[in-house]
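Trainee: I'll drop the sequence and a predicted model, then ask my questions.
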Amino acid sequence: MWDILSPLLKEIHGELTDELKYQKLKHEVKDCRELIERLAAKAKLNPLSVEFSQHLDKHDKLSYLRDEFNIPKSRDVIPNDVVALKPNESSIYFCGNSLGLMPKRVKHLVNQELDVWAASGVNGHFTHPYNRPWLSIEDTVVEKTAEIVGAKPIEIAIMNTLTSNLHLLMASFYTPTKHRNKVLMEAKAFPSNQYAVESQIKFHGYDPATTLITVNSPPGEYTINLDDILNTIEREGSSISLILFSGVHYYSGQFFKLKKITAAAQKKGCVVGFDLCHAVGNVVLKLHKWNVDFAAWCSYKYLNSGPGGIAGIFIHEKHAHDFNRPRFAGWWGSDRRSRFQMDKPFNPIPGAGGFQVSNPSVLNTVSLLGSLDVFSKTSMVQLRSKSILLTGYLDYLLDKQLNGLGYKLITPRDPHQRGCQISLVYDEDKLDKVIKGLMKHGAVVDERSPDCIRIAPNPMYNSFSEVFRFVKALKSIMEELGFKFEAKK
Ligand SMILES: *Cc1c(COP(=O)(O)O)cnc(C)c1O
């Protein structure tokens with residue numbers, strides 16, 4: 001994306017490194033709509049024209065990454081009772097927030113492991129023709145993951161799945177006492193997280209009705225004010241044991257201010273952890289620098305590791321040598337040298353590695369590796385910069401071409417308070433028709449009942465032309481449903 005943004009940023013600041021450009025973008029681009037119009041003016045194009053979308057694609061330096069992925073065809077992504085308008089065309093896949101697309105190299109890697117298994121059986125643990133002995137298979141993905149979340153390798157472990165990991169982390173980091181036993185979450189957190197937290201509270205003998213507290217959005221709104229979060233921490237902090245927020249909210253798409261929440265929580269003596277399912281691979285994270293205590297994420301959304309893929313955890317280096325916390329242990333968390341000496345006591349690996357329980361699924365691990373190799377071709381800062389523009393362009397076109405036609409946009413307009421996802425809320429009786437209409441146009445979005453569609457253009461494999469086609473399709477669907485567009489005054 002630098003090609004398209006660079007001239008603007010260069011005009012103001014001269015030559016910059018990627019990180020500095022991102023910092024400028026972060027501090028200076030408050031409104032994508034203004035940015036889009038400036039870019040169009042510079043190109044002497046109408047910002048609403050198809051030519052402008054093609055112009056943005058032409059200057060997209062990350063566009064080559066699309067070729068790393070299998071893009072589903074229109075005909076393959078629709079239910080049997082819907083006829084696609086263009087069955088052979090690639091679908092417009094805006095659903096990477098639910099399941100990321102499959103990197104082509106994954107099949108190759110998984111097949112290699114199947115071959116090794118077939119040819120050498122148990123020996124694959126020790127000698128491996130591709131230099132990935134299964135005994136230390138997790139070593140292939142730890143450093144690359146650390147890079148993506150802004151952590152040190154000692155702070156990362158790749159293991160299990162998200163909700164199981166939340167339980168393991170809470171076993172260690174939720175240690176309620178008589179006067180400090182509450183858990184603070186955002187209201188309407190992902191159901192699995194609520195179930196996990198409530199069951200942990202009960203496990204410790206407390207009542208979720210009084211022990212679990214939440215921060216709500218103002219009535220009729222969907223996003224939560226930072227001030228309300230900070231005030232709650234200030235007011236209740238001394239009785240809060242654990243703060244467990246999501247990084248990017250799965251429904252509204254709001255990107256919370258993790259650094260500020262962490263600082264406020266720790267000032268009050270609370271432990272702070274984040275669920276980063278919708279943040280990892282989507283936004284720039286600096287978990288080490290922000291001093292976050294712990295975090296967990298699944299890897300099948302923006303990390304494209306495949307359905308039910310292996311998940312990840314972060315535990316801050318400051319806890320790496322703290323072996324006094326309770327923990328639910330397993331042999332994979334024990335020192336590698338004595339792991340197979342079954343008469344030896346548990347000897348935890350320092351850092352996140354010491355929280356591993358079982359030997360990891362090799363097939364799932366190399367599936368993740370295939371995707372991380374694609375991430376290694378670029379950087380989160382570059383991806384995020386394209387993402388801000390790509391989603392900003394969607395926001396712009398929705399605003400100009402549909403202007404609330406039958407929906408309410410519930411995601412923050414500020415590009416720095418959201419990731420790539422934009423959520424639209426429809427009247428409940430319209431939702432199904434909108435989704436079916438989109439399918440006919442070969443567009444895949446995520447439906448959240450009862451009334452929401454979540455649209456997530458992914459900077460790794462989506463283009464500006466797809467955003468253009470998507471908005472055009474949505475407009476024609478709404479007009480078919482009898483809505484009349486009125487331009488904004
Ligand atoms: C996707 C997601 C989950 C899914 O949990 P699994 O344990 O992977 O099934 C949980 N919480 C949040 C916030 C999510 O976005």
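Mentor: Noted; the coordinates are in hand. Numbering: from 1, shown residues only.
Trainee: near the ligand, which residues of the stretch 51-200 of the chain show up?
Mentor: Within reach of the ligand by C-beta under 6 Å from any ligand atom, the stretch 51-200 of the chain has these residues: 161, 162, 163, 190, 192, 193. To be clear about C-beta, it is placed using only N, CA and C from the backbone, and glycine gets the same treatment.
Trainee: mark which of the residues you listed are buried, thanks.
Mentor: Burial by neighbour count, 16 or more other C-beta atoms under 10 Å: within these this picks out 161, 162, 163, 190, 193.
Trainee: just the residues you listed now: which is nearest residue 365?
Mentor: Nearest to residue 365 among those: residue 161, at 12.9 Å, using C-beta to C-beta.
Trainee: that closest one is in contact with residue 305, isn't it?
Mentor: No. Checked against C-beta atoms under 8 Å, the pair residue 161 and residue 305 is beyond contact range at 10.9 Å.
Trainee: quick one: pLDDT of the nearest residue to residue 378 once chain neighbours are set aside?
Mentor: For residue 378, ignoring the flanking residues on the chain, the nearest one in space by C-beta to C-beta, 6 or more residues apart in numbering is residue 62 at 6.0 Å. What the model reports as pLDDT for residue 62 is 94.
Trainee: now residue 381
Mentor: Looking at residue 381, its pLDDT stands at 93.
Trainee: next one: it from the ligand, what distance?
Mentor: With distances taken as C-beta to the nearest ligand atom, to the nearest Å, residue 381 is found 23 Å from the ligand.
Trainee: what about that residue, how many residues nearby?
Mentor: Look at residue 381: counted by other C-beta atoms under 10 Å, it has 17 neighbours.
Trainee: nearest to residue 218 among the buried ones among the residues of the stretch 51-200 of the chain next to the ligand?
Mentor: residue 190 (20.9 Å).
Trainee: now do the contacts for that closest one.
Mentor: Going by C-beta atoms under 8 Å, 6 or more residues apart in numbering, residue 190 touches 246, 250, 275, 277.
Trainee: what about the first one, how many residues nearby?
Mentor: This means residue 246. Applying other C-beta under 10 Å, I find that residue 246 has 23 neighbouring residues.
Trainee: just the pLDDT for the nearest residue to it once chain neighbours are set aside.
Mentor: Nearest non-adjacent residue to residue 246, counting by C-beta to C-beta, 6+ apart: residue 275, 4.5 Å away. Looking at residue 275, its pLDDT reads 98.
Trainee: didn't residue 275 look like it was pressed against residue 249?
Mentor: No. Judged on C-beta under 8 Å, residue 275 makes no contact with residue 249 at a distance of 9.8 Å.
Trainee: so how far is the lengthiest strand in the chain from its chain's centroid?
Mentor: For the chain, the longest strand by residue count, based on DSSP state E, is strand 240-246. How far strand 240-246 lies from its chain's middle: 19 Å, per C-alpha atoms, centre = their mean, to the nearest Å.
Trainee: give the contact list for residue 430.
Mentor: Counting by C-beta under 8 Å, 6+ apart, residue 430 has contacts 406, 481.
Trainee: alpha carbons of the helix or strand hosting it, in PDB - could you do that?
Mentor: For residue 430, the host element (DSSP states H and E) is helix 428-440. The C-alpha coordinates for helix 428-440 follow below in PDB (Å, rounded to 0.1, in the frame of the first residue of the first chain):
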ATOM      1  CA  GLU A 428     -34.500  -8.700  11.600                       C
ATOM      2  CA  ASP A 429     -36.900  -9.400   8.700                       C
ATOM      3  CA  LYS A 430     -34.400  -8.000   6.100                       C
ATOM      4  CA  LEU A 431     -31.300  -9.900   7.200                       C
ATOM      5  CA  ASP A 432     -32.000 -13.200   5.400                       C
ATOM      6  CA  LYS A 433     -32.900 -11.400   2.200                       C
ATOM      7  CA  VAL A 434     -29.800  -9.300   2.300                       C
ATOM      8  CA  ILE A 435     -27.500 -12.400   2.900                       C
ATOM      9  CA  LYS A 436     -29.200 -14.400   0.100                       C
ATOM     10  CA  GLY A 437     -28.900 -11.400  -2.200                       C
ATOM     11  CA  LEU A 438     -25.200 -11.100  -1.500                       C
ATOM     12  CA  MET A 439     -24.700 -14.800  -2.100                       C
ATOM     13  CA  LYS A 440     -26.300 -14.400  -5.500                       C
END
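Trainee: returning to what we had before: report the rounded mean pLDDT for the longest strand of the chain.
Mentor: 98.
Trainee: likewise stretch 155-173?
Mentor: Averaging pLDDT along stretch 155-173 yields 98.
Trainee: kindly report the same for stretch 76-89.
Mentor: Taken as a whole, stretch 76-89 has a mean pLDDT of 84.
Trainee: buried residues in that stretch?
Mentor: In stretch 76-89, counting by 16+ other C-beta under 10 Å, buried: 77, 78, 84.
Trainee: adding secondary structure, write those residues out as TSV.
Mentor: Formatted as TSV, the buried residues of stretch 76-89 follow (DSSP: H, G, I helix; E, B strand; the rest coil):
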residue	secondary structure
77	coil
78	coil
84	coil
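Trainee: could you identify the helix or strand that succeeds whichever strand or helix holds residue 21?
Mentor: Assessed by DSSP H and E, residue 21 sits inside helix 18-28. Next helix or strand after helix 18-28 toward the C-terminus (DSSP H and E): helix 32-43.
Trainee: between that next one and helix 18-28, how big is the angle?
Mentor: On the basis of axes from the mean of the first three to the mean of the last three C-alpha atoms, to 10 degrees, helix 32-43 is oriented at 120 degrees to helix 18-28.
Trainee: for residue 479, what are its contacts?
Mentor: Residues in contact with residue 479 (C-beta under 8 Å, 6+ apart) are residue 485.
Trainee: I misspoke; the intended subject was residue 312.
Mentor: 145, 149, 156, 157, 158, 159, 165, 280, 296, 297, 299.
Trainee: hey, what's the third one bridged with?
Mentor: Counting by DSSP bridges, residue 156 is bridged to residue 314.
Trainee: residue contacts, it?
Mentor: Taking C-beta under 8 Å, 6+ apart, we find residue 156 in contact with 142, 145, 146, 149, 312, 313, 314, 352.
Trainee: cutoff 10 Å now
Mentor: Contact partners of residue 156, counting by C-beta atoms under 10 Å, 6 or more residues apart in numbering, are 138, 141-149, 287, 295, 312-315, 351-353.
Trainee: emit the ChimeraX select command for whichever of these are buried.
Mentor: Only the buried entries of the contacts of residue 156 go into this ChimeraX selection, using 16+ other C-beta under 10 Å:
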select :138,141,142,144,145,146,147,148,149,287,295,312,313,314,315,351,352,353
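Trainee: overlap in contacts of residue 275 and residue 249?
Mentor: Listed as contacting both residue 275 and residue 249 by C-beta under 10 Å, 6+ apart are 186, 189, 190.
Trainee: hang on, the second one packs against residue 278?
Mentor: No. With contact taken as C-beta atoms under 10 Å, residue 189 and residue 278 are classed as non-touching, separated by 11.5 Å.
Trainee: from the residues of the stretch 51-200 of the chain next to the ligand, pick the one nearest residue 375.
Mentor: residue 162 (18.9 Å).
Trainee: does that closest one touch residue 275 like I think?
Mentor: Yes. Between residue 162 and residue 275 a contact is recorded at 7.4 Å, counting by C-beta under 10 Å.
Trainee: for the two, list the residues in contact with both.
Mentor: Shared contacts of residue 162 and residue 275, defined by C-beta under 10 Å, 6+ apart, comprise 190, 192, 193, 196, 296, 297, 298.
Trainee: max pairwise distance over the residues you listed: which two?
Mentor: 196 and 297 (14.1 Å).
Trainee: more crowded one of these two?
Mentor: Neighbours were tallied for residue 196 and for residue 297 using other C-beta under 10 Å; the higher tally belongs to residue 297 (28 against 22).
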